[in-house]
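Student: no FASTA, just this:
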């Protein structure tokens, strides 16, 4: 079964600092991996996805993630945090049934001035 | 193009009542997914439907929960005889048919169910 584990339920960074949110996956097949962001009381918005091809994936709002098969990881990064990046971030892997997803428990990102 | 719509946004039910949650997918989308988000947890897959068919309901509780996506109208998630443990945010997502290029789901704003 496909699953993801997000390390760190809360991450705090200073404005302008590097953002690193960790995600490791477990999959019996080549995984399709996603990062979503959720702002308070809202639905989820896709940040980026990896399916095939280039392992460094660029998404919206300056985020990117690198698929590393040898480390079974798909960590999310952003070079310089902005106050508006404060939100909940979810890593997800496709289940194999349609496009349904298995999500991690999420990481809450706090950005301090 | 309107996004995925869910209603109501907030729903309060007493224990033992029924809850009906509605989801209208994006125009042109024929795949619908329901997820549940409990406090302090990620989203858990519940059910995957196509028009008039349940494709995967492996995440649905065995009792009291049902889902449908009729030929006409929105998808409905129905919870009978609600209990306090059903209190959660329920999200619907949709994707277009045959979207093998994008594998993307588009999420609605969710329905927050509170059972008193």
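Tutor: Alright, I've got the coordinates. Every value quoted in this text rests on a predicted model; they were computed, and no experiment measured them. Residues are numbered from 1 along each chain as shown, chains lettered A, B, ... in the order given.

Student: and chain B, which residues reach chain A?
Tutor: B:4, B:31, B:33, B:35, B:40-45, B:48, B:50, B:55-56, B:58, B:91, B:93, B:95, B:99, B:103-110, B:112 (CB under 8 Å from any CB of the partner chain). C-beta here means a position set from N, CA and C on the backbone, and glycine is covered the same way.

Student: Just give the nearest non-adjacent residue to the residue nearest the centre of chain A, would you?
Tutor: For chain A, residue A:35 is the residue whose C-alpha lies nearest the centre (CA atoms, centre = their mean; 3.5 Å). Nearest residue to residue A:35 in three dimensions, chain neighbours excluded: residue A:47, at 4.4 Å (CB to CB, 6 or more residues apart in numbering or on different chains).

Student: any idea how far chain B is from the one you found?
Tutor: 11 Å (CB to the nearest CB, to the nearest Å).

Student: what about that residue, helix or strand, and which?
Tutor: Per DSSP states H and E: residue A:47 is located in strand A:44-50.

Student: mind listing what's buried in that strand?
Tutor: A:44, A:46-50 (16 or more other CB atoms under 10 Å in any protein chain shown).

Student: Please apply the same query to stretch A:106-113.
Tutor: A:106-109, A:111.

Student: All the strands of chain A, residue numbers only.
Tutor: A:3-7, A:10-14, A:19-26, A:33-38, A:44-50, A:56-58, A:64-68, A:73-78, A:87-94, A:101-103, A:107-112 (DSSP state E).

Student: give me the number of residues near residue B:12?
Tutor: 13 (other CB atoms under 10 Å in any protein chain shown).

Student: got the contact list for it?
Tutor: B:113-116 (CB atoms under 8 Å, 6 or more residues apart in numbering or on different chains).

Student: re earlier: got the buried residues of strand A:44-50 as TSV, with pLDDT columns?
Tutor: Listed next are these as TSV, based on pLDDT from 0 to 100:
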residue	pLDDT
A:44	91
A:46	92
A:47	95
A:48	95
A:49	92
A:50	92
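
Student: Got the confidence number for residue A:54?
Tutor: Looking at residue A:54, its pLDDT is 88.
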